[in-house]
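[1] predicted model, plus sequence, below.
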Amino acid sequence: MPNRSYRFTHAITRKPAASIIAGLRAVDTGTPDLATMQAHHADYIATLRETGATVIELEALDAYPDSVFVEDTALCLPSGAVVMRPGAPSRLGEAAEMAPHLAALYGDIRRIEGADSFIEGGDILMTETEILVGRSARTNAAGIAELARLTAAWGEVVREVHTPPGVLHFKTDCSLLDAETILSTTRLSASGCFKSYRLIDVAEGEEAAANTIRFNDLVLMPAGFPRTRDRLVQAGYDVREIGNSECAKLDGGMSCLSLRFTPKP
Ligand code: CIR
């Protein structure tokens, strides 16, 4: 499948719940404002739709404060989908909530099931040729090994890498921009994990710009990082800036807010 890693027909999002004020965060920088988050979320969805994709908007789940961050619940691949097992105890139930929606679109659904296996979608970067998975406080070796076993039959190659210490997810610090190119913080790229890719570094002091997504012809990046935006524009990408102030209070960014895929019934 050409450009399986950034050309998609579909996305799934979930409306932010009123309980978002109780969302997980590493450092408390203030309470997220639901109305502002809803406005940013609407802009995000409209931008995904601008590319011609179908966006399925799921209803808010008040029982799960972090459920707007749907990316962590599953990995959608060309051959099938894998339901994750989030390492944050308060988020474990979110994966089962997502499973039936994926089952309606995919003929082959697999699940991370090991009692000791933990893995969140935010730690997974799918490229054209491989699946990079960062070990983190949320994703462990058993979870990565189980993902590798489950997807080997689909011809997938999983490479275990490391999420930098103190960083929530691997993709907090990097994004795929096209088949060859990755946007990354220097603290992550310094590990050498992107040796076979062309790299664009986020500007110093703009580390939070690294959680960006390439979605069809557009690059969606969080607003407020002008030097990184200029680098991407100069590199030829069609960039859209989306407000992210409220999700940022919960360590969330562009990738967290959607599952992006092309269904395989
Ligand atoms: C959490 O800590 O799980 C949420 N507050 C943020 C999740 C962000 N998700 C992502 O980067 N994929």
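    That came in fine, so what should we check first?

[2] now Arg260, what are its backbone angles?
    phi -120, psi 130 (degrees, to the nearest 10).

[3] that one bridge partners, please.
    When assigned by DSSP bridges, Arg260 has beta-bridge partners Ala11.

[4] how about the secondary structure of whatever residue of the stretch 101-250 of the chain ends up closest to the ligand?
    Per C-beta to the nearest ligand atom, Gly122 is where the stretch 101-250 of the chain lies closest to the ligand, at 2.6 Å. Heads up, the C-betas are built off the backbone N, CA and C, glycines and all. The three-state label given to Gly122 by DSSP: H, G, I helix; E, B strand; the rest coil is helix.

[5] can you report how many residues neighbour it?
    Residues near Gly122, counting by other C-beta atoms under 10 Å, number 27.

[6] before we move on, what about Glu180?
    By other C-beta under 10 Å, 12 other residues sit near Glu180.

[7] my guess is it contacts Leu199, does it?
    No. Using C-beta atoms under 8 Å, Glu180 is not in contact with Leu199, being 9.8 Å away.

[8] return the residues of the stretch 101-250 of the chain in contact with the ligand.
    Neighbours of the ligand within the stretch 101-250 of the chain, by C-beta under 6 Å from any ligand atom: Gly121, Gly122, Leu168, His169, Thr172, Leu250.

[9] thinking again about what came up before, wouldn't the residue of the stretch 101-250 of the chain closest to the ligand be in contact with Asp173 here?
    No. The pair Gly122 / Asp173 is not scored as a contact, 10.4 Å apart, by C-beta under 8 Å.

[10] which among the residues of the stretch 101-250 of the chain next to the ligand gets closest to Ala35?
    Leu250 (15.7 Å; C-beta to C-beta).

[11] wait, a helix at Arg49?
    Yes. With three-state DSSP as the criterion, Arg49 is assigned to a helix.

[12] ok, and the closest non-adjacent residue to it?
    Spatial nearest neighbour of Arg49, chain neighbours left out: Val55 (5.4 Å); criterion: C-beta to C-beta, 6 or more residues apart in numbering.

[13] phi first, then psi, for that neighbour.
    Dihedral angles (degrees, to the nearest 10) for Val55: phi -110, psi 120.

[14] so how far is Asp178 from it?
    Val55 sits 22 Å away from Asp178, going by C-beta to C-beta, to the nearest Å.

[15] please apply the same query to Leu232.
    For Leu232, the distance to Asp178 equals 11 Å [C-beta to C-beta].

[16] the two: who's more crowded?
    Using other C-beta under 10 Å as the criterion, Leu232 and Asp178 rank with Leu232 on top: 22 against 18.

[17] OK, contacts around the more buried one?
    Residues near Leu232 by C-beta atoms under 8 Å, 6 or more residues apart in numbering: Leu177, Leu183, Ile200, Thr212, Val219, Met221, Val239.

[18] among those, name the buried ones.
    Buried residues within the contacts of Leu232, defined by neighbour count using 16 or more other C-beta atoms under 10 Å: Leu177, Leu183, Ile200, Thr212, Val219, Met221, Val239.
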